[in-house]
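S.K.: Build the 3D model from these lines:
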Amino acid sequence: MPRLSSNLSSRRVVAAGLAATLVLTLALAAGPAIGAPPLNLPLWDGTLFTLNLTLAVGFGYLVHFAVGVVLASLYVQVVAPRLTAEPWLKGAIFGTMVWAALLLIGLPLFDALDPLVANGLMAAPGVAALGLGVAAPPMLLVAHLLYGAVLGQLTGDNAVKVVRRRAF
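M.R.: Numbers count the residues shown, from 1 in each chain. Reported below is the predicted structural model:
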């Protein structure tokens, strides 16, 4: 496995990206329990590619987690080396950057490209997700802060090393 510039293995970055994306996804799924609107990013991702909602959810999860891993690689190679703070805080800063990009670029782009939004079958999140209500932006921020903090901690210098054990 090739080594990254920060001396982390690609496997570790992929695992950290998957774990952080899982935490983000679970935070968004829990949102409605505390009054936030349902924010199903994987479904949104999938409807960009197919209108079959069953396929859209499955494909959307693949895209969603792939984006999480790509962002993890970007964090490790570009962002983390330029920040000086505790690993979780560096990650939270990155999560905030991802959140801002999502709200200012990603969601307006989604509004323009998604066929369900274009046909009025799905609410348009709009700039800053305000089309989904005032609780959407802070809920997305919390989820992305968690994504970043988990990513930073799992890729930081003090991260717990995984020990391989033999089955026998």
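S.K.: Check what pLDDT residue 166 gets.
M.R.: pLDDT for residue 166: 54.
S.K.: Same question for residue 7.
M.R.: pLDDT, read off for residue 7, is 62.
S.K.: what's residue 83 sitting at in phi/psi?
M.R.: Main-chain dihedrals, residue 83, degrees, to the nearest 10: phi -110, psi 150.
S.K.: Ok, residue 122 next?
M.R.: According to degrees, to the nearest 10, residue 122 has phi -140, psi 140.
S.K.: what's near enough to touch it?
M.R.: Residues counted as contacts of residue 122 (C-beta atoms under 8 Å, 6 or more residues apart in numbering) are 44, 47, 114, 116. C-beta coordinates here come from the backbone N, C-alpha and C atoms, glycine included.
S.K.: 6 Å instead, please
M.R.: With contact set as C-beta atoms under 6 Å, 6 or more residues apart in numbering, residue 122 has these partners: residue 116.
S.K.: For the residue lying closest to residue 89 once chain neighbours are set aside, pull up the helix or strand it's in.
M.R.: Spatial nearest neighbour of residue 89, excluding adjacent residues (C-beta to C-beta, 6 or more residues apart in numbering): residue 152 at 6.9 Å. Residue 152 belongs to helix 136-155 when assigned by DSSP states H and E.
S.K.: What lies in contact with that helix?
M.R.: So helix 136-155 is contacted by 8, 16, 20, 23-24, 27-28, 31, 36-37, 72, 75-76, 87-88, 90-92, 94-95, 98-99, 128-129 (C-beta under 6 Å, 6+ apart).
S.K.: Among the residues you listed, which ones are in helices?
M.R.: 16, 20, 23-24, 27-28, 72, 87-88, 90-92, 94-95, 98-99 (DSSP state H).
S.K.: which residues of this structure score low on pLDDT?
M.R.: Along the chain, the parts satisfying pLDDT under 70 run over 1-7, 158-168.
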